[in-house]
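Q: Just a sequence and a predicted model for now, questions to come.
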Amino acid sequence: MMMVLRRLLRKRWVLGVVFGLSLIYFLTSTFKQEERTIRDRTLLEVRDSDHRIPWKVSFNLGNSSRQISQCRNSIQGKVLLTDELGYVCERKDLLVNGCCNVNAPSSRQHICKSCLANGCCSIYEYCVSCCLQPDKQPLLEHFLNRAAEGFHNLFTAVEDHFELCLAKCRTSSQSVQHENTYRNPQAKYCYGASPPELLPI
């Protein structure tokens, strides 16, 4: 049996058939992938250019008298955390439900410590807390309307004020120059509309 198979594979016409079938398979799978790509592009272009993205953000004023059973928080800080009510606290003062202990000496709500007038801060958690202030709503709504096109994928995934502030305060391409250095290393986390001021080198 093996001998017959080896003889068949040595014949040029068998190799030609195998090569031809492989080529047909390759071309059809490539064209199917191209069709999917074109269809996806067409769906994006069909969207009316005047159509505003319906933002799902609903602003929560962070009323501390409201009873809340669970809190989301900024998670990543080694020392500080910000919860969704705008409280900043030390990690040791975080309750099991994810909220900052409002009675702890380290807890402060809507604190803008380390933040400049342009909305750029040196500490991420303070940026998020400051961004959560109710009076920042018009600034953030203006940003959302302007960013609708450029940051479509990122900001359409935002569900509420807290998620918007988490996303906005993360460093972005606006925070860097030449793709490898911060425009202002002391204030690189921004919730404001403009990028950090460029510091001279």
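A: All right, it came through fine.

Q: Helices along the chain, start to end?
A: All helices of the chain, identified by DSSP state H, fall at 2-10, 12-46, 124-131, 137-147, 152-156, 161-169.

Q: Give the other helices and strands that the last one contacts.
A: Counting contacts by 3 or more Cβ pairs under 8 Å, 6 or more residues apart in numbering; DSSP states H and E, helix 161-169 packs against helix 124-131, helix 137-147, helix 152-156, strand 189-190. Backbone N, C-alpha and C define where each C-beta goes, glycine included.

Q: Compare the helices of the chain and report which one is nearest to Gly77.
A: When these are compared for distance to Gly77 using Cβ to Cβ, the nearest one is helix 124-131, at 5.3 Å.

Q: Now do that closest one and helix 161-169, the angle between them.
A: 130 degrees (axes from the mean of the first three to the mean of the last three Cα atoms, to 10 degrees).

Q: when you compare where helix 124-131 runs with where helix 137-147 runs, what's the angle?
A: Going by the same axes, to 10 degrees, helix 124-131 makes 100 degrees with helix 137-147.

Q: Renumber starting at 752 from here on
A: Done: numbering now begins at 752, and the last item shifts to helix 875-882.

Q: Extract the CA atoms of helix 875-882 and return them as CSV.
A: Provided in CSV are the C-alpha atoms of helix 875-882 (Å, rounded to 0.1, in the frame of the first residue of the first chain):
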residue,chain,number,x,y,z
TYR,A,875,-4.5,59.1,38.8
GLU,A,876,-6.9,58.6,41.7
TYR,A,877,-7.1,62.4,42.3
CYS,A,878,-7.8,62.9,38.6
VAL,A,879,-10.8,60.4,38.8
SER,A,880,-12.1,61.9,42.0
CYS,A,881,-11.9,65.5,40.6
CYS,A,882,-13.5,64.4,37.3
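
Q: Least confident secondary structure element in this structure?
A: Ranking every helix and strand in the chain by mean pLDDT, DSSP states H and E puts helix 903-907 at the bottom, with a mean of 59.

Q: Can you report how many residues lie near Thr921?
A: Wrong residue type there; residue 921 is Arg, not Thr. Arg921 has 16 neighbours, counted by other Cβ atoms under 10 Å.

Q: what's the answer for Cys850, then?
A: When neighbours are defined as other Cβ under 10 Å, Cys850 has 22 of them.

Q: same thing with Val879?
A: By other Cβ under 10 Å, 30 other residues sit near Val879.

Q: Tabulate the helices and strands packed on helix 912-920 in CSV, adding columns for distance to Asp834.
A: Below are the helices and strands packed on helix 912-920 laid out as CSV (distance: least, Cβ to Cβ, whole Å):
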stretch, distance to Asp834
helix 875-882, 9
helix 888-898, 18
helix 903-907, 22
strand 940-941, 17
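
Q: now for those, which one comes closest to Leu766?
A: helix 903-907 (47.4 Å).
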